[in-house]
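Asks: return atomic coordinates for the entry below.
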Amino acid sequence: MNPLCSVCKPVLCALLIAAGLTIIGEAPAVGQDTDTSRQLERIDVEAPQQRRPVTRAATTPRPGADYDETAPMDLPSPEDRGGPSQIFSGSDIPSSTLSLVEGKSRVSLGAESLPAQVSVVTDRDIQSLNIRNYADLFARVPGVNGYTIGQRQATHSISMRGFPGAGGMDIAIFIDGVPQSTPSTYQGASGLSEFSWLVPEAIEKIEIIKGPFSALYGNFAMAGVINIITKKSQPSPSLNLYGGSFGAFRALGVASSETMIPTPYLAYEYYTIDGYRENSQLRSLSPFNKVSMPILGGILSLRYNYYHSEWGAPGYLPIADVRQKRVSRRHAYNTTDGGDQTRQEAVVNYSPLCGERGLYATAYVDIWDIIRYNDWPPGPQGARADKRTYWGGRVYYNLVFGDVASLTIGGETRHDKASPRDYYTNGARKYTSAKYHYDLRLSNWAWFLQGQIKPAEKLKIVGGVRGDYFTMEAENRTRPQNSGAGFPHIMSPKIGAVLTPTKNFNVFGNIGVGFRSPSYTEASPYTANSESNFAVGPARIDTGDVGFNVALFGNLYFATAYYHTITHREIRTVNNVPTNIGDTLREGYEVEAKFFPSKDVNVFFSYDWVDAKVINPTKAGQYLVTRVPEHIIKGGIEIQRDFGAGRKLLADAYYQYTSGFPNYSGTDTNPIFCPEYDVYNFKLSYEGNGWSSFVSARYQPREFSAPAAFIFNGELSYAPEPVWDVTSGLTYTFW
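Replies: Sure thing, here's the model as predicted:
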C-alpha cells in the first residue's frame, strides 16, 4: 500500500520540482570543496567529555544511550567556545536548538541531519526537569507523552505520533547502542522497555526521531526512535542528597575526572520512597560504571551497570467510587501487588576519535530477571515473570566524501533466551495455576545501508534500506502442540529530502517503512482450541511526513510537520487482552515554537493533534484506536540569572495538557473517554561556590483524573496521584 496520502503526495512532488530547479540553477557548484571533510556531529562514542562548567543542581528522584557523541579530547564544549550559536551576530538561540536547523542541510550521521522531525534533550535540559521516573525525561519534548500509571516500574509509558506507547511499545529505544525494546514480553506484548536503571545525571544527550526514517534502526521503530547517549565524564566528583514528599530520599555519588586517561564516570545511586498511596513503596540500588580511553585512533568505552529494585503497586480504583467517597483515593486495590527486578548489562563501544569517517562497533550482554504481581478487576491476581538473557552487537563503517556525500554500511544481530510465564495466584503472591509458560529462542540478523548526497548546495537527499531476518523458536509448555519455529523477514526502505531555500530555513519530506517482530502468542497461542501460525510476519507501517523548521531574528525557532501512517495488523490491549484490532490510519500534525528574548530567558510551546482510526475493525463499530489522546499541549518558561563568580539562579515552570483518550468496553461501539489531564511543574535552583540546591513542585489540579484510565468490569478506573508533590536537594562538587 502506498503510504503517501493525498496531502503528502502533492507536497512531496512540489518539493522534488523545487529540488530539480535548484539543481539546474546550481549545477556548477556540485563537486566543489570536496577535498576535505568538515567536523560533523556524530551519533557514536565520544572522547572523554569536553570541559564544561560545573553542573547545576541535579535532577530529583527518580529516573529511570545508542552511541556516544565524539569530539576531540580536552577541547571546550561548543557553548564555551561560542560555537554554532554565534552564527548570528548577537544570537540568543542556544547551540542545541540551532543545530536542529543547521544540521538539516549537512551531510552527517547526527539525528539532526535526517529529513525528519527531531528533538534533542541535553544534559542541561535534564537538570531543569522535575524528574520522578524516566518518563519525566520527555516532559517538554513536543508530541511525546511520558507517564506512569499506578504499577510503578512495570508500566512507564512513552508515546508519540498517535501510538499509545504502553511500556514504550512501538518506539525503538537505545542506550549506548544497546536495544532496550524487548521482543515477546508480558502476555505476548512485544517491544516493552524498562530503563529505570539509568540515573538521569549519567545522560549526555537524548535524540528523539519522529517516525521510522533512519535505516540505522529497525525492530520497533514505528512511532520513532529514542537514542540515549551516556556521559564519559564530568569535571569533578560530586555528592547529591535529596528528600521529598511521601518519604522520598535519594543519595547519588559521582566519581569522575576529565584529566584522567582512562577516563572514569562512576555514578552510584540509592533511592527509596513510601509513596502517596498504600502499597506504592519503591526501593532501588543502581551502580553505573563507565571507563573510556583513546586506542588505535579511536575511542573505546567499557560500561557495566547493575540494578535491583523492589516495589509495590497500588493498582486502579473506579473513578465513580472515589468521586462518591466509597473508597479513599489513597487506597490500594491489592496490598500484595508489586514486584522486583534485577538487571546487569555490560557494553563495549568503539568509534573514530575525531570526525565521522571510520569504523563503529558495539557489543553487549544483558541479563534481566523481572516479576510483577498485578490484580485487575475482577481478578484474580496474576504473576507475570520474565527471565531473559540477550546479547548482540553491530558494526558499521561510515564513508565520507567531503561535504557532499556519505555512505554508511553495516550489520547487527541480537539473540534472546527468554522464559516468559504468567500464573494465577490466590491474591497474595501464592501460585494456584499457570496461565502460560514458554521457553523462547529469538534471533534478529540485519544489514543496513544509508546514504546522503548534496547534488546542490540547497538540496540534500537521504535514502536508506535495511533487511531484517528473524528466528523464533517457541516451546509452548502450556499448549505443547503449538510449539514450533518461524523465520519471518522484512525489507524496510526509506527516502527523504531537505530543501534549504535560504539560510536557517529547511523544508523536508519522507516516506518510509517501519515494523515490529511478531510476538510469541501470535505465532504460538496458549489458549484452548487455538492453532499455531509460525508463518506470521512482522507487523508493518507505511508512513510519510512533510514539514519545515526555521530560525528567525536570532531569537525564534519554529518547526511543524504533518504525518500520515498506515499500520497493518495492529496489536492493542483491549480489556487487558492483546488484540489484533485491524489495520489503522493515523493523520496528525505537530507545531513547536521557542522564543529567546535574551540569553537568560526561554519561552517554549508545542501542540500535537492526531486522528487515529481503525480502517477494518475486528470488533465491528470500534473505529477509534484506544489510549490515543487527540490533543497534547505543552508550554513553559526558563529564566536564568547570573550573579558572577559561578553563582546562578535558575527558575523553570512548564505545563502539559492531555485530552481524554478513548477506551471500549466489551463489544460496545460507544467509546468511553477518560478524563482530561493536566500537570504543572516548577523548579528553582541555585548554584555557586561548589554548592548547588533546588526545590521543585508538581501540581495536578484534577482530583478525578490521571495520565491514563482503563475499563475494568465496565467501569472507568484510574490510579490517583497526589495533588502536590514537593522535592528539594543539595549537591556538593568537590573541586
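Asks: what residue ranges in this protein are flagged as low confidence?
Replies: Along the chain, the parts satisfying pLDDT under 70 run over 1-90, 155, 185-189, 572-579.
Asks: what pairs with the spatially most central residue of it across the strands?
Replies: What sits nearest the mean C-alpha location of the chain, by Cα atoms, centre = their mean, is residue 226, with 3.7 Å. On the basis of DSSP bridges, residue 226 is bridged to residue 173, residue 208.
Asks: equivalent analysis for residue 345, please.
Replies: Judged by DSSP bridges, the bridge partners of residue 345 are residue 305, residue 366.
Asks: show me the contacts for it.
Replies: Neighbour list for residue 345: 178, 197, 303, 304, 305, 364, 365, 366, 367 [criterion: Cβ atoms under 8 Å, 6 or more residues apart in numbering]. Any C-beta I mention is one placed from the backbone N, CA and C, and that applies to glycine too.
Asks: where's it relative to residue 487, distance?
Replies: As judged by Cβ to Cβ, to the nearest Å, residue 345 and residue 487 stand 28 Å apart.
Asks: do the same with residue 499
Replies: According to Cβ to Cβ, residue 499 and residue 487 sit 41 Å apart.
Asks: redo the contacts of residue 345 as a markdown table? Include distance to residue 432.
Replies: Converted to a markdown table, the contacts of residue 345 look like this (distance: Cβ to Cβ, whole Å):
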| residue | distance to residue 432 |
| --- | --- |
| 178 | 37 |
| 197 | 32 |
| 303 | 42 |
| 304 | 39 |
| 305 | 36 |
| 364 | 38 |
| 365 | 35 |
| 366 | 32 |
| 367 | 29 |
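Asks: and those, which of them are buried?
Replies: 178, 197, 303, 305, 364, 365, 366 (16 or more other Cβ atoms under 10 Å).
Asks: mind picking the two most distant members of these?
Replies: With distances taken as Cβ to Cβ, the most widely separated pair in the buried ones among the contacts of residue 345 is 197 and 365, at 14.7 Å.
Asks: ok, residue 173 - contacts?
Replies: Listed by Cβ under 8 Å, 6+ apart, the contact partners of residue 173 are 158, 179, 180, 181, 193, 195, 220, 225, 226, 228.
Asks: quick check: of those, which lies closest to residue 463?
Replies: residue 225 (17.2 Å).
Asks: quick one, strands of the stretch 451-600 of the chain?
Replies: With DSSP state E, counting those that start in this stretch as the criterion, the stretch 451-600 of the chain has strands at 459-476, 484-486, 489-502, 505-516, 539-552, 556-574, 577-598.
Asks: out of those, which one sits most buried?
Replies: Among those, strand 505-516 has the highest mean neighbour count (mean count of other Cβ atoms under 10 Å), at a mean of 24.
Asks: off-centre distance for it?
Replies: 18 Å (Cα atoms, centre = their mean, to the nearest Å).
Asks: host element of residue 99?
Replies: Assigned by DSSP states H and E, residue 99 belongs to helix 95-102.
Asks: who are the packing partners of that helix?
Replies: On a contact count with 3 or more Cβ pairs under 8 Å, 6 or more residues apart in numbering; DSSP states H and E, helix 95-102 meets strand 118-122, strand 539-552, strand 556-574.
Asks: how about residue 518: what's its closest non-neighbour residue?
Replies: residue 536 (4.8 Å; Cβ to Cβ, 6 or more residues apart in numbering).
Asks: just checking, the one you found touches residue 487?
Replies: No - counting by Cβ atoms under 8 Å, residue 536 does not reach residue 487; the two are 11.0 Å apart.
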